[in-house]
Structure formats: structure tokens, C-alpha cells
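Trainee: Starting from these lines, generate the structure:
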Amino acid sequence: MIPRQDNEETPLLQQPEQPMAPKTPLPWDQFWIILVLHFSHPLVFKTLAPFTPQLIRDIGVTNGVEQQVGYYVSFLHLSYHVPQTLAVLYWSRLSDHIGRKPVILTASFAIATTMLSFGLSRTFLGLLVSRVICGAFNGENGVIKSMMMDMTDATNLPKAYGYIPLPLMLAGIVGSLTGGSLSRPADRFPEIFGQSELLKTYPYLLPCAVPALCASFVCVVMYFCLKESVSTRAPLWEMIKQWFLQHSYAKRSALSSNALISSGEENSEEDPSKSLSLSAALTPKVLTIAANSGAVTFFIIAIDKLQPLFYATPIEFGGVSLDPPRIGVILATAGFADGIFQLLLYARLHDRFGARAIYMVGLGSGIPVIFLFPVINVLARAYGMNFAVWLAIGVQRALIIILDMCIPSIGLFIRAAAPNRASIGVTNGIVQFVNGVARIIAPACAMVFSYSMQEGRDAWLAYYFFMALAFLTIGTSMVLPRDPSL
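Mentor: Below you'll find the model as predicted:
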């Protein structure tokens, strides 16, 4: 046996392997509050969805014209998302300065009060004002993500994202049962609520009170248990005084004021402990991640809105003629499977393959998802709703679970794209603003399916459109770095 020789060539030939960095445990003393917040926010939408069409009919705004119900429901949907999208950047930027906790407390208080006012409204204007105020003051979506990024690092953030679908799944179950079962309680449960004049006058107050009480509980829990994650926060009153001083000084000497502001921005960019201004935070890397996040959000929401419409459309018009109970079972089962899959497997898949590989595979799964829509319809036309059709639906739902893994993957890129740790809030605000625009526009894509099903139209038009969206999203992803930290 030849003995090993150590000379000057040895380090070049036999480089020692770099040890893997140990994973930081999740801070469960604070992280459980993040999970509760992820339950409280979607609970509102899941609760409102089952009874909003009937509420529109009851208040008489459509004058009995059934075809107008959908328009008013969509208008209520936009009345929340438009002001929220316009305000999310402001709230995220503010959270970098005064802290995440005050902003999230404000959002939870807005949810609690506006949900009660929504349940007490008897006119469409009252419903509209409630949703507009809720959207304008509810900036917690991006801020919660910023706080989760504050309390984690690169080693445990993937695991944290793996837990997020669990509260979302629970909110979907609880919200759907609450909105569907507790609306018009005096009619549904006369032996319990039949004597309540309040619930007879306001038949939708009880389901609205559930998310309102949940948000109030969250406020109390946050006030006493949640620790602020921003160490460089400034008192709000000091920020207001500084703002007024800067503007009054600008009136006396615009030139010198601009120089001071410019100097202050340069200093903040040099100091990693200070949050950057909006213009300074719009780096090419942030813009790249924001474009990818907006594109994948747009694509996933467009597919989500198309599915129930496709299921409910008659077979002869391109769907599969499923009734609401079956559609509900499919969506509920898929939501449960999605939550369990990400909870158990996402962190492990990330450790093995990385965020970009998962993201690209997820986007790739969107192509067969679109192809399966006409395949399912062709099978239903030929054989009826037999085993082959249900198998195809199951395969499509499994592929959508893979597609949904793009959301936590792009979240890892968002955290790494922040110019410094103190600017995570404004970075999330930029991304959430782009995502908000996508959420506003994407539901309209389902109308392409209805348009293509009209007589004389190309039935494949909708699928050409969605395929173009898929390739556009994949093309946008080509500029992502291989590693989120690069």
C-alpha cells in the first residue's frame, strides 16, 4: 500500500468538503402567532363567499334581475382589493419605520370593525363602504410576510413556508361552514334564533361576527404576546414631526432641502440598519422578483377562477356539468391535500433541489394542467362521468398542487432580494403591490372561457389564451438567479 504523501499539490487535489450550515430552529414562541394571523385574514373571504350572492338579492339592489347579481358581487370584490393594492406599499414602507406590530394591529382592528359594519349594512352603499375601508386599512398581507422573514433566516424560512398552507386550509373549512351555515340563522334554526329580532333584522350579522371576533382575539394576543421584529423603528410622532419640519424647511429653501434629503437618502443607503427609500429599493433584482411574483400570482389565480366555472359548465358547452356539492367536495379535498403536501414535503424538497428548481417544475406543471381541461371535456362527451374523467380531474388537481409550490419558492427570492434587512418591508410592499394588481385583473380571465364557448367561437380560444399565460410566466422566470441569495 502506497502511503499518502502531503505536499504542495495535496490541497489542490483533495479539497475538504464544506460543512452544511446547521439549521436554525423555528422560533415557535412567536411563529405560532404568524400562523394565527394567516388564519384570521383569509377567514373573512371564506366566510363572505357563500352568502354574498344571496345578500345582494336580499337588499334589492338588482331589482330582481338575476343576471346582475354577479356584477355586484364582483364589484364588492374589487372594492376591497383596489384600495388594498393602492395602500399596501404605504403600510409596508411604514412598517419598516414604526414596526410591524402597530401595522398588523391596525389591520386586525379594521377587519373586526368593518366585518361588523358589513353584517349591519342593509344597503349596497353600506356594504361597499365597509369593504373599501377594510381594504384601505388592511395592509397586513405583506407586513405579515415581512415579520415572518424578520424572525427567520435562510435555513429555516423554507420550513416556515411549509406550515403556511395549514392555517389557510383551516380558514377555508371554517369560513365556508360559517358563511354557509350561520347566514339567515332565524330561518335555518328557528328553535334557537327564531326569537331574536336582531338576527331577523340583520340576517347576515352572525356569520360576519365570527371573523370579527377572531380578529379581536388576534388583536389581544398580539398586543400581549407578539414581540416587535424591527429593531430600528422610530416613534410615529417623531416621524410626523420630522415630516412637517422637512416640508416647512423646503418652502423656505427648496434647493438646500433637496440637498439635505438627497444626502439623507445616500446615508441611509450606506447604513444597512436603515430602511431605504422607495426609489432606492427599486433595484433590478427587486424588480425582477416582483415581475416573477406578479406573473405567477396572475397565472395561479386565473387557473383557480377557471376551475369552478369549467366544472359547472354543461358538457355540451365545454365543461363537465357538476353540481355545487360535487364542486365543493373537489375543491375542499384538493385544498386539504395541498396543505398536507406542502406541510410534509416542501421543506424537504427545498433542501434537496433548491427554490429555483421547485419553482421551474411548478411552472412546468401548469402546461399539462391547461391541456387537461379539453381532455376532460372530450372524455366526458364520449363516456360520461366515468372513472377516466374522475382520474383526469384527480391528475389535474395533483399537478395544481405542484404549481402551488411556486408561491413559497418565490417568497424565498423576495427575502433575498431585499437590499438590506431593514428594507424587507418596502421590498415586500413592492411585490405585494404587483401581486395586488394581478389579483384584481386575473379573475377576468375566466370570461375568456365563457366567450370561447359561445356559438360560432373557437372552443380552443380559451386554452390558447391560458397557454400563452403559462409560457409568458415561464419566460419571465428565465431571468431568476439560480440561487435566491445571488
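Trainee: Provide the contact partners of stretch 196-210 at residue level.
Mentor: 43, 47-48, 51, 55, 58, 115-116, 118-120, 122, 178-179, 182-187, 193 (Cβ atoms under 8 Å, 6 or more residues apart in numbering). To be clear about C-beta, it is placed using only N, CA and C from the backbone, and glycine gets the same treatment.
Trainee: switch to 7 Å and redo it
Mentor: 47, 51, 55, 115-116, 118-120, 178-179, 182-186, 193 (Cβ atoms under 7 Å, 6 or more residues apart in numbering).
Trainee: For that stretch, buried residues please.
Mentor: For stretch 196-210, burial by neighbour count (16 or more other Cβ atoms under 10 Å) applies to 199, 202-210.
Trainee: ok, those residues vs Ile111, which is closest?
Mentor: Nearest to Ile111 out of these is Cys208 (Cβ to Cβ; 10.6 Å).
Trainee: quick one: what helix or strand has that closest one in it?
Mentor: Per DSSP states H and E, Cys208 falls inside helix 205-225.
Trainee: Tell me how far the nearest residue to Ala416 once chain neighbours are set aside lies from Leu282.
Mentor: Once flanking residues are discounted, Ala416 sits nearest to Pro484: 3.9 Å by Cβ to Cβ, 6 or more residues apart in numbering. Going from Pro484 to Leu282 by Cβ to Cβ, to the nearest Å gives 19 Å.
Trainee: Neighbour count: these two, which is higher?
Mentor: Pro484 (22 against 16; other Cβ atoms under 10 Å).
Trainee: Before we move on, what's the pLDDT of Asn420?
Mentor: Per-residue pLDDT puts Asn420 at 79.
Trainee: next one: Asn435
Mentor: 90.
Trainee: Can you verify my assumption that it contacts Val296?
Mentor: No. Asn435 is beyond contact range of Val296, at 9.2 Å (criterion: Cβ atoms under 7 Å).
Trainee: Pull out the buried positions in stretch 359-372.
Mentor: So, applying 16+ other Cβ under 10 Å, buried residues of stretch 359-372: 359-363, 365-367, 369-370, 372.
Trainee: List the residues that contact Lys23.
Mentor: 155-156.
Trainee: Using the three-state scheme, assign it.
Mentor: What DSSP: H, G, I helix; E, B strand; the rest coil gives for Lys23 is coil.
Trainee: List phi and psi for it.
Mentor: Dihedral pair for Lys23: phi -80, psi 140, per degrees, to the nearest 10.
Trainee: Show me where the chain dips below the pLDDT cut-off.
Mentor: Applying pLDDT under 70 to the chain picks out residues 1-21, 67, 232-275, 324, 454-458, 485-486.
Trainee: Go again with 50.
Mentor: The model of the chain has pLDDT under 50 over residues 1-2, 4-6, 8-18, 243-247, 249-270.
Trainee: mind listing what the residue nearest to the spatial centre of it touches?
Mentor: In the chain, the C-alpha nearest the mean C-alpha coordinate belongs to Asn141, at 7.1 Å (Cα atoms, centre = their mean). With contact set as Cβ under 7 Å, 6+ apart, Asn141 has these partners: 41, 88, 432.
Trainee: Does it lie in a helix or a strand, and which?
Mentor: Per DSSP H and E: helix 140-150 holds Asn141.
Trainee: isn't Ile300 right up against Ile402?
Mentor: No. In this structure Ile300 lies outside contact range of Ile402 using Cβ under 7 Å: 11.5 Å.
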